[in-house]
Structures are given as structure tokens and as C-alpha cells.
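S.K.: Prediction below, plus the sequence it came from.
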Amino acid sequence: MSTRYGSFPDARPRRLRTTPAMRRMVAETRLHPAELILPAFVREGVSEPVPLQSMPGVLQHTRDSLRKAAAEAVAAGIGGIMLFGVPEDAKKDAVGTPGTDPDGILQVAIRDVRAEVGDDLVIMSDLCLDEHTDHGHCGVLDAEGRIDNDATLERYAEMARAQADAGVHTVGPSGMMDGQVGVIREALDGAGYQDVSILAYTAKYASAFYGPFREAVGSSLKGDRKTYQQDPPNARESLRELELDLAEGADMVMVKPALPYLDILRRIADAVDVPVAAYQISGEYAMVESAAANGWIDRDRAIMETLTSIRRAGAGMILTYWATEVAQRLNRGE
């Protein structure tokens, strides 16, 4: 500390914050469109896109509007699109038959997007039964109404083959069943799909922030998923899940949700040498949009701040419903 003028400081970190150009030059963390992945919902049996009340700006797409969204994503330069199928309620059953039907809405959507954009966008698909079952759980239930882990794995293997047949680049097993990555890898390889990669939902927590997603996929869930998704107080457990997923052949790993679990994201990013993703989920999106709609926060700044925090915590890829919008803003230099 200088004594030339009393207690004025010699070190002045504010010098590196003086102008937008200076702040941009010394920024430690940057967002890039290619790091963003757009989750997208396609609903069977609708003639027009259906706006989601709990997620303003997000739609349940028709097949046509999904193709348009995929083309816009390519034009914006984002990295990938994660597809979720929403079948008609009458087609749902106890084992999630639409999830393996070649003409099920998710498989149809994969073919549509692949035909529209080819290999210009990484086409990803949710590999889980919850959208397709009449009970809304991520797996097959036993006689007592509990998740039958190993019976569910058999269905996941079928889903993996069906999605690969449709042309997917990457499958995203999100059900948190023990052994799911290994079974899916074996099923893909056995069907000749060695090049289809697996984005493992490695640390997926039983979160309160999934609420709006239930509307998005028309969930039939009764009860909760606490017996298979991770318990929020636990951190070390995520590292055990990580070790298992990598041993079973995961190509990429994910933390979900993002903002409430930045500490988990950091620990996983520090522990691996494979790409790490984080999913900024529906509740995170809805909080920002609803607060901004009430004039409580600056929407655009809040979006960029949340995404930057996720990137800073170690995510190389971010699934976010703002993916295309943010990519367009980044391309404009905003």
C-alpha cells in the first residue's frame, strides 16, 4: 500500500474493467454457439405448434416446425439438438411402446431432422421411457409398482437400436438406471452402430426444478423419481456414477440440473478427460422468464450470466432452451 497520498492503493484491478473492449479482451470465460445444444419437443397429432404456458417462448413442435427449428439451429451455428417425443396419450402403455416403435413420434422426428440437416447438426435423442409410459416413470414397473431396473435395461437396449435405425448421432440415456450405459453400448455395437455416441446423464438429481418439463412432455407421472434419480444432499455419489458411466463406455457426461449443482459440475469437470455437458433445465428457464416478465430482472443479461456461470464451472456444452437465441446474439457480437 502506497503512502504517497495517504492510503491510496498501488494495485488497481479496476484498470482492467474500464471499457467494454477492455473487459472483452481480458474475459476468462467465453460462450460460443457450437457449445450450445437446443432441447426440442415434438408432439404427435397436432397441426400447429403448441406454446407451453410454464415455459414462455418454448413450443411443442409439429413435425414441420421442428424441421424449421433444426434449420434455424444450423444457421445459428449451435452444436446440437436434443429431441424429446410426445406421443398421443392413447398410444402410451406400461412399457412405453411408442419409444421403440419405428413409427413412434421420436423416431419419426429423428428421421425428419436428419433429412433436413444431415450431419450439419449433432442430432441427439432422449433415451428414456417417461414420455412414452402411461404411468410416467422412466422404466418398467414390477407387480408392486416399483421400478424394475433390469427389465428397464432391456427396453433401453431396444430404444437405442430404434433411435440408431432412425439416424440419430448421439443417444442420451436419462433414466438413471444402474448399468444403462453399458447395456446401451452393447446394443448399439451389436447392431452395427459403433459410431453412435452416448451422452450419459451421469449426475441427474431428483430436483424440484423439473416442473415445467412435465407440461412439455405431457407427463403422466404420479409420485416421484427419488428411488432412481440422485438425492440432492449427495456429492460423492456423483463421482461414483461418473466412474461407472466411463467404465461402461460413455463418450460424454452430463450434470442435470445446472445452476443448483455447479459444485457437482466443477468436480466432474476436474475429474475427467471426456466432454462435459450441463442441462439448464425447465425450471431454471422459467424462473428467468417469469422474473423478467414482471420487470424484476434484466432478461438478456440474466440469460448470459447464467450461461456464463455454467460454462465457468466447467461445462464444455450446455443444453439450454435459449440455445438458438443466444447463438444469434453471439453471432451479432452482443
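M.R.: Arrived safely. Residues are numbered from 1 along each chain as shown.

S.K.: And the strands in this structure?
M.R.: Taking DSSP state E as the test, the strands found in the chain are 36-43, 50-51, 59-61, 80-86, 122-127, 170-173, 197-204, 252-256, 276-279, 317-319.

S.K.: so can I have a markdown table of these showing distance to Glu28, mean neighbour count and mean pLDDT?
M.R.: C-beta here means a position set from N, CA and C on the backbone, and glycine is covered the same way. As requested, the strands of the chain are exported to a markdown table (distance: least, C-beta to C-beta, whole Å; neighbours: other C-beta atoms under 10 Å; pLDDT from 0 to 100):
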| stretch | distance to Glu28 | mean neighbour count | mean pLDDT |
| --- | --- | --- | --- |
| strand 36-43 | 19 | 26 | 97 |
| strand 50-51 | 38 | 15 | 94 |
| strand 59-61 | 35 | 23 | 95 |
| strand 80-86 | 25 | 24 | 97 |
| strand 122-127 | 27 | 26 | 97 |
| strand 170-173 | 29 | 26 | 97 |
| strand 197-204 | 25 | 26 | 96 |
| strand 252-256 | 21 | 25 | 97 |
| strand 276-279 | 18 | 26 | 98 |
| strand 317-319 | 17 | 24 | 98 |
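
S.K.: Could you dump the ones you listed into a markdown table and include distance to Ala70?
M.R.: Converted to a markdown table, the strands of the chain look like this (distance: least, C-beta to C-beta, whole Å):
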| stretch | distance to Ala70 |
| --- | --- |
| strand 36-43 | 8 |
| strand 50-51 | 18 |
| strand 59-61 | 10 |
| strand 80-86 | 6 |
| strand 122-127 | 8 |
| strand 170-173 | 15 |
| strand 197-204 | 18 |
| strand 252-256 | 20 |
| strand 276-279 | 19 |
| strand 317-319 | 15 |
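
S.K.: for the ones you listed, which one sits closest to Asp231?
M.R.: Asp231 sits nearest to strand 197-204 of all the strands of the chain, at 11.2 Å, using C-beta to C-beta.

S.K.: Each with direction, which strands does the closest one pair with?
M.R.: Note on strand 197-204: by DSSP bridges, its sheet partners are strand 170-173 (parallel), strand 252-256 (parallel).

S.K.: between these, which gets nearest to Leu38?
M.R.: Of those, nearest to Leu38 by C-beta to C-beta is strand 170-173, at 13.1 Å.

S.K.: Restricting to C-alpha, output that closest one in CSV.
M.R.: Taking Å, rounded to 0.1, in the frame of the first residue of the first chain, the C-alpha atoms of strand 170-173 are listed here in CSV:
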residue,chain,number,x,y,z
THR,A,170,-26.0,-39.4,-30.1
VAL,A,171,-28.3,-41.1,-27.6
GLY,A,172,-28.9,-39.5,-24.2
PRO,A,173,-29.9,-42.1,-21.6
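
S.K.: which residues touch it?
M.R.: Strand 170-173 has contacts (C-beta atoms under 8 Å, 6 or more residues apart in numbering) with 80, 82, 122-128, 156, 159-160, 163-164, 180-181, 184, 188, 196-201, 251-252, 254.

S.K.: coming back round to it: could you dump the strands paired with strand 197-204 into a markdown table with distance to Lys91 added?
M.R.: Formatted as a markdown table, the strands paired with strand 197-204 follow (distance: least, C-beta to C-beta, whole Å):
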| stretch | distance to Lys91 |
| --- | --- |
| strand 170-173 | 21 |
| strand 252-256 | 27 |
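
S.K.: Out of the ones you listed, which is closest to Asp224?
M.R.: Among the strands paired with strand 197-204, strand 252-256 comes nearest to Asp224, with 16.0 Å by C-beta to C-beta.

S.K.: quick one: buried residues of the lengthiest helix in the chain?
M.R.: The longest helix of the chain (DSSP state H) is helix 149-166. Buried residues in helix 149-166, counted by 16 or more other C-beta atoms under 10 Å: 149, 152-153, 155-164, 166.

S.K.: Next, format those residues as a markdown table and append distance to Ala71.
M.R.: As requested, the buried residues of helix 149-166 are exported to a markdown table (distance: C-beta to C-beta, whole Å):
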| residue | distance to Ala71 |
| --- | --- |
| Asn149 | 39 |
| Thr152 | 35 |
| Leu153 | 36 |
| Arg155 | 32 |
| Tyr156 | 30 |
| Ala157 | 32 |
| Glu158 | 30 |
| Met159 | 26 |
| Ala160 | 27 |
| Arg161 | 28 |
| Ala162 | 25 |
| Gln163 | 21 |
| Ala164 | 23 |
| Ala166 | 19 |
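
S.K.: And the residues you listed, which is closest to Arg30?
M.R.: Of these, the one sitting nearest to Arg30 (C-beta to C-beta) turns out to be Gln163, at 32.7 Å.

S.K.: Apart from its neighbours in sequence, what residue is nearest that closest one?
M.R.: Sequence neighbours aside, Ser125 is the residue nearest to Gln163 in space, at 4.7 Å (criterion: C-beta to C-beta, 6 or more residues apart in numbering).

S.K.: and what of Tyr321?
M.R.: That would be Tyr285: by C-beta to C-beta, 6+ apart, it lies 4.9 Å from Tyr321.
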